[in-house]
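> Return a 3D structure for these sequence lines:
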Amino acid sequence: MSAEQTNYDEVAEAYLLATNEKPFTKYYERPFIIDNLPPLAGKSILDVGCGTGFYSKYCLENGATVISVDASTKMVEHTVELCNGKNAGYVHDIAKPFDFVKSGSIDVIICSLVLHYIADWTQTLSEFYRTLKLGGKCLISTHHPIIDFTHFNRDSYHSKRLVEDEWQGFDPPIKVKYWVRPLNEYIQPMIDSKMTLVSVNEPGPIKDLESIDPRTHARLSTRPAFLFFVLKRS
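Residues are numbered from 1 along each chain as shown. Here you go, the predicted model:
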């Protein structure tokens with residue numbers, strides 16, 4: 001991620017303490033990604049924007065080998081510790097080439113809630129294509145453009161711009177910067193990457209959330225917060 005974006009090293013402690021139990025994470029984003037993973041035994045995983053280390057640990061526990069990547073040194077250190085050093089961790093700007101990953105070596109790329117931090121997806125998606133094996137799968141979650149549009153009361157849906165937001169529910173609240181853009185600026189870079197776009201998804205939360213947090217369950221059942229893509233190297 002470029003220097004103009006959120007420095008997660010500065011907010012790592014608050015983020016790591018709270019994120020794993022957030023309804024948007026635990027009952028909404030993660031269930032979709034997990035449901036779309038293939039059997040993991042013997043697979044090679046590239047966890048892009050590893051954050052809390054959840055996916056790296058999950059994949060390792062299910063028999064995969066894992067490369068964990070994040071722009072935050074503290075996030076990578078946390079992930080490596082969480083995985084007992086069984087993964088390979090790299091501090092890296094994901095807008096730049098993944099020189100440490102061999103071409104055609106990855107079975108599954110997990111890119112969880114990270115693409116909205118970079119302005120131009122072209123290089124990143126091109127690298128995803130390069131590093132995937134033939135038939136390899138790429139799972140992407142990112143902010144939903146309609147929710148970004150309404151949340152920031154933007155004058156034009158069609159404009160792309162950098163915004164600053166403040167996320168509540170952390171101690172202290174976390175200030176973040178990320179890019180908002182129209183849907184065509186999600187789709188076209190994926191087409192240009194040469195990967196096959198298998199599906200575009202707007203799922204609701206899992207049923208468990210209804211009894212735990214009915215208000216958030218109702219919200220996510222009627223207003224998707226994230227957009228999910230499944231791509232494949234054909």
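> Output stretch 95-106 as PDB - backbone C-alpha positions only.
The C-alpha coordinates for stretch 95-106 follow below in PDB (Å, rounded to 0.1, in the frame of the first residue of the first chain):
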ATOM      1  CA  ALA A  95       0.800  -2.300  -5.500                       C
ATOM      2  CA  LYS A  96       4.300  -3.500  -6.400                       C
ATOM      3  CA  PRO A  97       5.500  -6.700  -8.000                       C
ATOM      4  CA  PHE A  98       5.600  -9.800  -5.800                       C
ATOM      5  CA  ASP A  99       9.200 -10.600  -6.700                       C
ATOM      6  CA  PHE A 100       9.400 -13.100  -3.800                       C
ATOM      7  CA  VAL A 101       6.700 -15.300  -5.300                       C
ATOM      8  CA  LYS A 102       7.500 -17.600  -8.200                       C
ATOM      9  CA  SER A 103       5.300 -17.500 -11.300                       C
ATOM     10  CA  GLY A 104       2.700 -20.300 -11.400                       C
ATOM     11  CA  SER A 105       3.400 -21.400  -7.900                       C
ATOM     12  CA  ILE A 106       0.200 -20.500  -6.000                       C
END
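> quick one: buried residues of that stretch?
By 16 or more other CB atoms under 10 Å, the buried positions in stretch 95-106 come out as 95, 98, 101, 106. C-beta coordinates here come from the backbone N, C-alpha and C atoms, glycine included.
> Inside strands: which ones of those?
Under the assignment DSSP state E, these contribute residue 106 to strands.
> What sits closest to residue 100 if chain neighbours are left out?
residue 90 (5.7 Å; CB to CB, 6 or more residues apart in numbering).
> Surely that neighbour is within a strand?
Yes - the assignment for residue 90 (DSSP: H, G, I helix; E, B strand; the rest coil) places it in a strand.
> Show me the beta-bridge partners of it.
residue 69 (DSSP bridges).
> Based on its surroundings, how many neighbours for it?
Number of residues near residue 90 (other CB atoms under 10 Å) recorded here: 17.
> Skip the chain neighbours and tell me the closest residue to the spatially most central residue of the chain.
Nearest to the mean C-alpha position of the chain, counting by CA atoms, centre = their mean, stands residue 112 at 1.4 Å. The shortest distance from residue 112 to any non-neighbouring residue, by CB to CB, 6+ apart, is to residue 141 (5.3 Å).
> Next, count neighbours for the one you found.
Residues contacting residue 141 under the criterion other CB under 10 Å number 24.
> and it, what pLDDT?
pLDDT recorded at residue 141 is 98.
> I'd like to know how far it sits from residue 73.
Applying CB to CB, to the nearest Å, the value for residue 141 to residue 73 is 23 Å.
> What residues of the lowest-mean-pLDDT helix or strand in the chain count as buried?
Every helix and strand of the chain was ranked by mean pLDDT, DSSP states H and E. The lowest is helix 8-18, at a mean of 81. For helix 8-18, burial by neighbour count (16+ other CB under 10 Å) applies to 8, 11, 12, 14, 15, 16, 18.
> helices or strands up against the longest strand belonging to the chain?
As assigned by DSSP E, the longest strand anywhere in the chain is strand 132-143. Helices and strands touching strand 132-143, by 3 or more CB pairs under 8 Å, 6 or more residues apart in numbering; DSSP states H and E, are helix 30-35, strand 106-112, strand 226-232.
> Residue 198 looks like it's in a strand, true?
Yes - under three-state DSSP, residue 198 sits within a strand.
> Skip the chain neighbours and tell me the closest residue to it.
That would be residue 230: by CB to CB, 6+ apart, it lies 4.3 Å from residue 198.
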